[in-house]
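**Q** from the sequence below, what's the structure:
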Amino acid sequence: MTSHPHCSIVPPYLLLRLAQAEPSLAEAVRFALRDSMTVRQRRELTATRWPQGRRPSGGQAIVAWPLQSRAQSAPAPTERAVPADATPQRSVHDAQHGTTLPGVLVREEGGQASGDTAVDQAYDGLGATWHLLAEVFGRDSLDGQGLPLVGSVHYAQSYDNAFWDGEQMVFGDGDGIYFNGFTQSVDVIGHELAHGLTQYTAGLTYVGQSGALNESASDVWGSMVRQRVLGQTAEEADWLIGVGVFTDKVQGVALRSMAAPGTAYDDPVLGKDPQPATMAGYVVLPHDADNDNGGVHINSGIPNHAFYLFATALGGHSWERAGQVWYDTMTTRGLVPRDVSFAGFAAATLVSATTRYGEGSEVESALRSAWDQVGVDPADAVPPAPPAAGGPPEPPAWP
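**A** Okay, here's the model as predicted:
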């Protein structure tokens, strides 16, 4: 197997089990795994933390080292505004079961429904994600500067995945036996687009704990997109990721559960959901593709569960306060290093919470409790050394 990571909605360990159990699907599944290497190479060519030196829209420069003083030193996030005439710029293409992207243009912004279910679901999901970012967080698309949202459907043959390749969304139709088409789950669309948001903001390295945070951030955004589409509060939501992706043949409800990591599926072929909910179950794995890059799809259950606990403790809509803390954390330049650990990310979220809502606020208290319940201690974050003299300060590299 390749040493490249697989940054798609379906974890590689699920695909490997499927290839071993179903000879009729083995060729298609192995192609999906090989294809991930090409996708990753494409993404690395296009994905930088702040492309061409651009800072994230609304990002704030922070130079504040000791943990206890970071909140006091951080400037309050500025109110952001999307231009009044801004709209999503969507285009959906048909790959016609090939791998040449983007494929044939089928529907573009403002166009009528195509009648192709996958095309129209992709169009709606791209829009739902854009509207969440614009209307709730004041961000004009993934890059904050109106990046067009491009999607391709009907990718390859029996393709059991969806992915963001650094420039656009790509959706497979599934094999029809274990997996359905990937456009029918709006949180899958939001999840993969959020990899693009992370690309343009925190740029979290896709390995180990920072990679698990990368995956978790996408689950957080995907869940918020779905909850907003359905008009659900945090208490009403099911907090599942990938509902509808499995066919009825699979004994499971979704790919992951943020409310109860480790319970999403338990199937004779696909195995049991391996996600831990707390650090007590943290899985230590080698940092290579054969082991999910150190368990990025596995250990993401821990920060996922922290966000769930945080959002439900606050009540109301998850995007109103809990989501705002995550957004500030991801878009405040210098607050989160690319290789941040769980403890470092938790510390950064507390900076965001106290900066926006105040020290001792209900939001800060709920956040501290959530991280404590999953066994992550923000105090374990290690402050960086001050930047060397004679050059501009670098973003903090703690821990």
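**Q** count the neighbours of residue 223 for me.
**A** Counted with other Cβ atoms under 10 Å, the neighbours of residue 223 add up to 30. From N, CA and C alone the C-beta is placed, and that goes for glycine too.
**Q** and it, how far from residue 169?
**A** Relative to residue 169, residue 223 is positioned 18 Å away (Cβ to Cβ, to the nearest Å).
**Q** do residue 106 as well
**A** Applying Cβ to Cβ, the value for residue 106 to residue 169 is 14 Å.
**Q** looking at these two, which is more packed in?
**A** Regarding residue 106 and residue 169, a neighbour count based on other Cβ under 10 Å identifies residue 169 as having more, with 28 against 22.
**Q** quick one: that one and residue 130 touch, right?
**A** No - in this structure, residue 169 is not within contact of residue 130 by Cβ atoms under 8 Å, at 12.0 Å.
**Q** which element follows the worst-scoring helix or strand of the chain on mean pLDDT toward the C-terminus?
**A** Counting by mean pLDDT, DSSP states H and E, the chain has its least confident helix or strand at helix 67-73, which shows a mean of 33. Tracing the chain past helix 67-73, the next element assigned as helix or strand by DSSP states H and E is strand 90-94.
**Q** and the contacts of the helix or strand following that next one?
**A** Scanning forward in sequence from strand 90-94 by DSSP H and E, the next helix or strand is strand 104-108. Residues from elsewhere that reach strand 104-108 (Cβ atoms under 8 Å, 6 or more residues apart in numbering): 90-94, 96, 113-114, 116, 119-120, 123, 153.
**Q** now the buried members of those.
**A** Buried members of the contacts of strand 104-108, scored by 16 or more other Cβ atoms under 10 Å, are 90-94, 114, 116, 119-120, 123, 153.
**Q** which stretches in the chain count as strands?
**A** With DSSP state E, the ranges of strands along the chain come out as 90-94, 104-108, 149-153, 162-164, 169-171, 240-241, 256-257, 266-267, 271-272.
**Q** those: which one's closest to residue 209?
**A** strand 256-257 (17.2 Å; Cβ to Cβ).
**Q** packing partners for that closest one?
**A** If you count contacts as 3 or more Cβ pairs under 8 Å, 6 or more residues apart in numbering; DSSP states H and E, strand 256-257 packs onto strand 240-241.
**Q** adjacent strands (with direction) for the strand it packs on?
**A** strand 256-257 (antiparallel) (DSSP bridges).
**Q** give me the contact list for the strand it pairs with.
**A** With contacts defined as Cβ under 8 Å, 6+ apart, strand 256-257 is touched by 219, 239-242, 263-264, 273, 275, 300-301, 304.
**Q** of those - the most surrounded one?
**A** Highest neighbour count within those: residue 301, with 31 neighbours (other Cβ under 10 Å).
**Q** who's in contact with that one?
**A** Shown in contact with residue 301 (Cβ under 8 Å, 6+ apart): 256, 258, 261-262, 275-277.
**Q** the helices in the stretch 151-300 of the chain, which residues?
**A** 186-200, 208-230, 292-295 (DSSP state H, counting those that start in this stretch).
**Q** could those go into a markdown table alongside distance to residue 137 and mean pLDDT?
**A** Below are the helices of the stretch 151-300 of the chain laid out as a markdown table (distance: least, Cβ to Cβ, whole Å; pLDDT from 0 to 100):
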| stretch | distance to residue 137 | mean pLDDT |
| --- | --- | --- |
| helix 186-200 | 10 | 96 |
| helix 208-230 | 10 | 97 |
| helix 292-295 | 28 | 90 |
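**Q** pick the most deeply packed of those helices.
**A** Neighbour counts (mean count of other Cβ atoms under 10 Å) averaged over each of these peak at helix 186-200, with a mean of 27.
**Q** could I get that one in PDB with only the CA atoms?
**A** What follows is helix 186-200, C-alpha atoms only, in PDB (Å, rounded to 0.1, in the frame of the first residue of the first chain):
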ATOM      1  CA  VAL A 186     -25.600  16.900   2.900                       C
ATOM      2  CA  ASP A 187     -23.200  16.600   5.800                       C
ATOM      3  CA  VAL A 188     -20.900  14.600   3.600                       C
ATOM      4  CA  ILE A 189     -20.800  17.500   1.200                       C
ATOM      5  CA  GLY A 190     -20.300  19.900   4.100                       C
ATOM      6  CA  HIS A 191     -17.600  17.700   5.500                       C
ATOM      7  CA  GLU A 192     -15.500  17.500   2.400                       C
ATOM      8  CA  LEU A 193     -15.900  21.200   1.600                       C
ATOM      9  CA  ALA A 194     -14.700  21.900   5.100                       C
ATOM     10  CA  HIS A 195     -11.400  20.300   4.200                       C
ATOM     11  CA  GLY A 196     -11.100  23.200   1.700                       C
ATOM     12  CA  LEU A 197     -12.000  25.600   4.500                       C
ATOM     13  CA  THR A 198      -9.200  24.100   6.700                       C
ATOM     14  CA  GLN A 199      -6.900  24.400   3.700                       C
ATOM     15  CA  TYR A 200      -7.500  28.200   3.500                       C
END
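**Q** and that helix with strand 149-153, angle?
**A** Here helix 186-200 runs at 130 degrees with respect to strand 149-153, directions being taken by axes from the mean of the first three to the mean of the last three Cα atoms, to 10 degrees.
**Q** relative to helix 208-230, how tilted is helix 186-200?
**A** Using the same axes, to 10 degrees, helix 186-200 lies at 130 degrees relative to helix 208-230.
**Q** elements contacting helix 186-200?
**A** In terms of contacts (3+ Cβ pairs under 8 Å, 6+ apart), helix 186-200 is packed against helix 117-137, strand 162-164, strand 169-171, helix 208-230, strand 240-241.
**Q** let's go with 7 Å and repeat that
**A** helix 117-137, strand 162-164, strand 169-171, helix 208-230 (3 or more Cβ pairs under 7 Å, 6 or more residues apart in numbering; DSSP states H and E).
**Q** for these, give me a markdown table that also has distance to residue 198.
**A** Below are the helices and strands packed on helix 186-200 laid out as a markdown table (distance: least, Cβ to Cβ, whole Å):
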| stretch | distance to residue 198 |
| --- | --- |
| helix 117-137 | 13 |
| strand 162-164 | 9 |
| strand 169-171 | 14 |
| helix 208-230 | 6 |
